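**Q** Requesting a structural model of the entry that follows:
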Amino acid sequence: MIKGINHTMIELNDTENEYYERAILIVKPEYASVQRAILEDEAKKMLKELDVPSVMKSKKSKFKTFLKYACAAVIGAVITALFFL
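**A** Numbering: from 1, shown residues only. A predicted model of the protein is given here:
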């Protein structure tokens, strides 16, 4: 725990995002007086826009790259076989 720090925080237990269960956001001091409902709505909008975590993207990306090269190799082999027949 950090002593002497006073921040307004919003905790969202229902993020409506399939990857994140809970979010804790620290509100900038100049917006601390804004109504809590408005801050929560903005936080939910932001969380809905979040994309797939980068670790999962890289795994999908590697598979897609492998699949592209494999298809290119098969097509190349077929063209080569047709050329020599």
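
**Q** Give me the phi and psi for Glu11.
**A** Main-chain torsions, Glu11, degrees, to the nearest 10: phi -110, psi 120.

**Q** An error on my part: the question was meant for Lys28.
**A** Dihedral pair for Lys28: phi -60, psi 140, per degrees, to the nearest 10.

**Q** let's have the chain start at 11 instead
**A** Happy to do that; since the first residue is 11 now, the last one works out to Lys38.

**Q** Tell me the pLDDT of it.
**A** If you check Lys38, the pLDDT there is 88.

**Q** And it, how far from Leu60?
**A** Taking Cβ to Cβ, to the nearest Å as the measure, Lys38 falls 19 Å from Leu60. For the C-beta atoms, the positions are set from N, CA and C on the backbone; glycine is no exception.

**Q** Which one's more surrounded, these two?
**A** For Lys38 versus Leu60, the count of surrounding residues by other Cβ atoms under 10 Å is larger for Leu60: 13 against 9.

**Q** In this structure the more buried one contacts Tyr29, no?
**A** Yes. Judged on Cβ atoms under 8 Å, Leu60 makes contact with Tyr29 at a distance of 7.2 Å.

**Q** Fine by me, we can end here.
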